[in-house]
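Trainee: no sequence for this one, just the structure:
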């Protein structure tokens, strides 16, 4: 839902936001490393390598920034922030196990070193640790948001599993799937930050919507990058969605946009529905989608979600925190460059 309101002014760039928040994010990083120091050295070493390779910590950053316009208490926020990131890490462990992925963030996945049963147990343990951190806030509302988010993530993952190798996936199906798998955690991050900073109910709902819209844009751009990047940039091979038969927005638009020939559409459909015989077929399908204009069309969807997110922010009082949230939303689009 898009709300009306005044335009944002005096926005910051994302690098400035990161620089300002770096000391607080380091506190979160220290807590994450402590939470992944397990009694099993090899598992602990791999998990900590995964944590250290975790990039810009967008979800923890979103939680902290959602608290900035209100009563910002870092001591109160750190456990929940670490819990959100561990929840994300746990979902990635399970996702990689389901997909049989060998690399994540440029690092070998647990799948390479352990039996599937061990990988699932490690993922479950990370879910448990994240829930314990959420519970340590002693806030029933935070726990409710956390539980709802966990359910949404599982729902999104199940939708992806049961829609694999299907060409009849519509836009509504895609949006529900990526909201569950990705955007729900962004929404929960922003909502929990606002709750712990004693925002009003209306402000909490608004920031949850902001996080959800930003998360939708983030995942659409991620799906675009899967077709644009390479393994060095992505930390995993390009064209993974095509390999797994996952219908994403760029592929959906390619099949619908009328710019491809019937032969080209049938080729990509064959890859989606029946798999590719080799990497050359994947590379050909990627090239066809890139050259069709479908990536630009998909990017327009992401841009509209970011515009929606920033419009929501106009209902918060002007503040440095509000400007930092706007810069974070813009970063979801800047990743494509």
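Mentor: All right, it came through fine. Because the structure is predicted, anything quoted here is derived from the model rather than measured.

Trainee: Name the residues of the lengthiest helix in the chain that are buried.
Mentor: In the chain, assigned by DSSP state H, the helix with the most residues is helix 201-228. Using 16 or more other CB atoms under 10 Å as the test for burial, helix 201-228 gives 203-204, 206-224, 226-228. All C-beta atoms are positioned from the backbone trio N, CA, C, and that covers glycine.

Trainee: count of residues packed around the closest residue to residue 297 other than its chain neighbours?
Mentor: Excluding the flanking residues, the one nearest residue 297 by CB to CB, 6 or more residues apart in numbering is residue 253, at 4.7 Å. Neighbour count for residue 253, taken as other CB atoms under 10 Å: 21.

Trainee: Secondary structure element holding residue 253?
Mentor: For residue 253, the host element (DSSP states H and E) is helix 249-256.

Trainee: just checking, what packs against the helix or strand that that helix is followed by?
Mentor: Where DSSP H and E defines the elements, the next helix or strand beyond helix 249-256 is helix 262-274. With contacts defined as 3 or more CB pairs under 8 Å, 6 or more residues apart in numbering; DSSP states H and E, helix 262-274 has these neighbours: helix 240-243, helix 249-256, helix 279-291.

Trainee: Mean neighbour count, these: which tops it?
Mentor: Highest mean neighbour count of the helices and strands packed on helix 262-274: helix 249-256, a mean of 22 (counted as mean count of other CB atoms under 10 Å).

Trainee: hmm, who's touching that helix?
Mentor: 167, 169, 171, 174, 220, 223-224, 227, 241-242, 260, 265, 268-269, 272, 288-289, 292, 294-295, 297-298, 301 (CB atoms under 8 Å, 6 or more residues apart in numbering).

Trainee: Please apply the same query to stretch 290-303.
Mentor: Residues outside stretch 290-303 that contact it (CB under 8 Å, 6+ apart): 216-217, 220-221, 223-224, 227-228, 249-251, 253-254, 257, 259-260, 264, 289, 332-333, 336.

Trainee: what do you get for stretch 269-289?
Mentor: 165-167, 227, 238-239, 242-243, 245, 247, 250-251, 254-255, 260, 264, 267-268, 295.

Trainee: where's that stretch relative to the chain centroid, distance-wise?
Mentor: 25 Å (CA atoms, centre = their mean, to the nearest Å).

Trainee: and the end-to-end length of it?
Mentor: Start-to-end span of stretch 269-289 (CA to CA, to the nearest Å) is 12 Å.

Trainee: Just the element for the nearest residue to residue 95 once chain neighbours are set aside, please.
Mentor: Distances taken as CB to CB, 6+ apart place residue 157 nearest to residue 95, at 6.7 Å, with adjacent residues excluded. Following DSSP H and E, one finds residue 157 within helix 140-163.

Trainee: Let me see the mean pLDDT of that helix.
Mentor: Average pLDDT, helix 140-163: 96.

Trainee: Then stretch 40-57?
Mentor: 79.

Trainee: List of residues touching it?
Mentor: In contact with stretch 40-57 (CB under 8 Å, 6+ apart) are residues 18, 25, 28-29, 32-33, 36-38, 85, 89, 92, 104-108, 110, 113-114, 122, 126, 235.

Trainee: Show me just the buried residues among those residues.
Mentor: Buried subset of the contacts of stretch 40-57 (neighbour count, 16+ other CB under 10 Å): 18, 25, 28-29, 32, 36, 38, 85, 89, 92, 104-105, 110, 114, 122, 126.

Trainee: Rank those by pLDDT and give me only the lowest.
Mentor: Ranked by pLDDT, the buried ones among the contacts of stretch 40-57 bottom out at residue 105 (63).

Trainee: so where's this protein shaky on pLDDT?
Mentor: 1-10, 54, 104-106, 230-237, 336-337 (pLDDT under 70).

Trainee: could you redo the last one with a cut-off of 90?
Mentor: Applying pLDDT under 90 to the chain picks out residues 1-12, 36-56, 89-123, 125-126, 229-238, 257-259, 335-337.

Trainee: what residue is smack in the middle of it?
Mentor: residue 182 (4.2 Å; CA atoms, centre = their mean).

Trainee: ok, that residue touching residue 159?
Mentor: No: assessed by CB atoms under 8 Å, residue 182 is found out of contact with residue 159, at 11.9 Å.

Trainee: For the one helix or strand residue 42 maps to, buried residues please.
Mentor: For residue 42, the element it lies in under DSSP H and E is helix 41-52. By neighbour count on 16+ other CB under 10 Å, the buried set for helix 41-52 is 43, 46, 47, 48, 50, 51.

Trainee: Distance to residue 138 added to those, as TSV?
Mentor: What follows is the buried residues of helix 41-52, written out as TSV (distance: CB to CB, whole Å):
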residue	distance to residue 138
43	29
46	32
47	26
48	28
50	29
51	25
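
Trainee: What is the subsequent helix or strand relative to the helix or strand containing residue 298?
Mentor: In the assignment (DSSP H and E), residue 298 maps to helix 294-313. Next helix or strand after helix 294-313 toward the C-terminus (DSSP H and E): helix 320-334.
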